[in-house]
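Visitor: Provided below for reference: sequence and predicted model.
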Amino acid sequence: MADSQLSAAPSPAHAAPHPMANPGYGKRSAPDQHRRTRHDFAHLPPREAAIAGYVDRLPDGADISVKTLAKQLPYGQCALRTALNNLQRAGHLRRGREHLTDPGSRRWITRSWWSRTAHDDDWWAAFTRGAVPEPEEPPDRARPTRPTRSRAHILLAALGRTAPALSLSQADCAALAPLLAEWFARGATDEHAVQALTSGLPSPVHHPAALLRRRLTDKLPPEPARPPARPPLRILECAKCRTPGRPEALPGGICGACRGERAPSSPNTPLSPSEVQSRAAQIRGAMNQRRERTPA
């Protein structure tokens, strides 16, 4: 049933591409997901399975708001809103906000995190704290596999123009490029590297590759001190009322008020008129008893 719904949902007659959200918004894939299979959403009811299959195939940045999904899928906004809330309870979706990591930025961006693999509340709480490692970017298999020359390889191949005694072969450049790449990783510029490799050369240079290997090793710049990476600031929101809260207070993505739970009474709650009269009578009685016990 779920498989048939998966193929039935994303089939509007015009087959128009799904709209993308404004940059920085829209669908955001959560880490720690299994590979896609035909049975990823078989545990869900047919409607939720169909919507989940459609959302899962959308690229990051796609607009997955209720209004946009209603224009693409054969469901109304009310049905879609209910289905998305059910997907939150099932652990596939969380809504919230994330603070931009740009230096000096104070903006919070609305996020809709999606996971084809259902996760429990503890996992989403860890994700909110930044305790779930982000996946590395997978290699693009569509790109040509022909090797390209690196920045280090290009600089080494061009050294002979600056210092003819340091002309290198293709094999020499390939062997020395990893050593020079470490210089660039530590912040060295092209000008700094050329100056360090070509200044004060002996005459004659008998083995240019051996000389450069020695200089690349002995003159390696120190590794710069980097501040520890800070996890992103994230907060979750209730799926129904959009009230932000701690993950522990939003089991299934729903806050206690929307689940029908009564909030604990506050000590500052005003007393009713009858309670005020009762308290006043108790105080007056206690004062009268104290006066009767006090000798004249």
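Guide: Here it is on my side, so go on.
Visitor: So in this structure, where's the weakest helix or strand by average pLDDT?
Guide: helix 2-8 (a mean of 44; mean pLDDT, DSSP states H and E).
Visitor: residue boundaries of the helices in the stretch 51-200 of the chain?
Guide: Here the stretch 51-200 of the chain has its helices, by DSSP state H, counting those that start in this stretch, at 66-72, 77-89, 121-128, 151-162, 170-185, 190-198.
Visitor: ok so residue 201 is a helix residue?
Guide: No - Residue 201 is assigned coil when assessed by DSSP: H, G, I helix; E, B strand; the rest coil, not a helix.
Visitor: Give me the neighbour count for it.
Guide: Number of residues near residue 201 (other CB atoms under 10 Å) recorded here: 14. Bear in mind the C-beta positions are built from the backbone N, C-alpha and C, glycine included.
Visitor: what's the closest of the helices of the stretch 51-200 of the chain to residue 46?
Guide: Among the helices of the stretch 51-200 of the chain, helix 77-89 comes nearest to residue 46, with 10.4 Å by CB to CB.
Visitor: quick one, that closest one and helix 121-128 angle?
Guide: Computed by axes from the mean of the first three to the mean of the last three CA atoms, to 10 degrees, the angle separating helix 77-89 from helix 121-128 equals 90 degrees.
Visitor: the strands in the stretch 151-296 of the chain, which residues?
Guide: Taking DSSP state E, counting those that start in this stretch to define them, one finds strands in the stretch 151-296 of the chain at 234-237, 244-245.
Visitor: Deepest-packed of those strands, please.
Guide: Stretch with highest mean neighbour count among the strands of the stretch 151-296 of the chain: strand 234-237 (a mean of 20; mean count of other CB atoms under 10 Å).
Visitor: in its sheet, what does that strand sit against?
Guide: Using DSSP bridges, strand 234-237 pairs in its sheet with strand 93-99 (antiparallel), strand 244-245 (antiparallel).
Visitor: Highest mean neighbour count out of those strands?
Guide: Sorting the strands paired with strand 234-237 by mean neighbours (by mean count of other CB under 10 Å), the first place falls to strand 93-99, with a mean of 20.
Visitor: what about that strand, average pLDDT?
Guide: For strand 93-99, mean pLDDT is 88.
Visitor: And for stretch 40-47?
Guide: pLDDT averaged over stretch 40-47 gives 94.
Visitor: what stretches of the stretch 1-150 of the chain score poorly on pLDDT?
Guide: 1-15, 24, 100-106, 133-148 (pLDDT under 70).
Visitor: Let's see that with 50 instead.
Guide: For the stretch 1-150 of the chain, applying pLDDT under 50 flags the ranges 1-8, 10-14, 136-146.
Visitor: Could I get the full set of strands for it?
Guide: Going by DSSP E, counting those that start in this stretch, the stretch 1-150 of the chain shows strands at 27-29, 93-99, 108-114.
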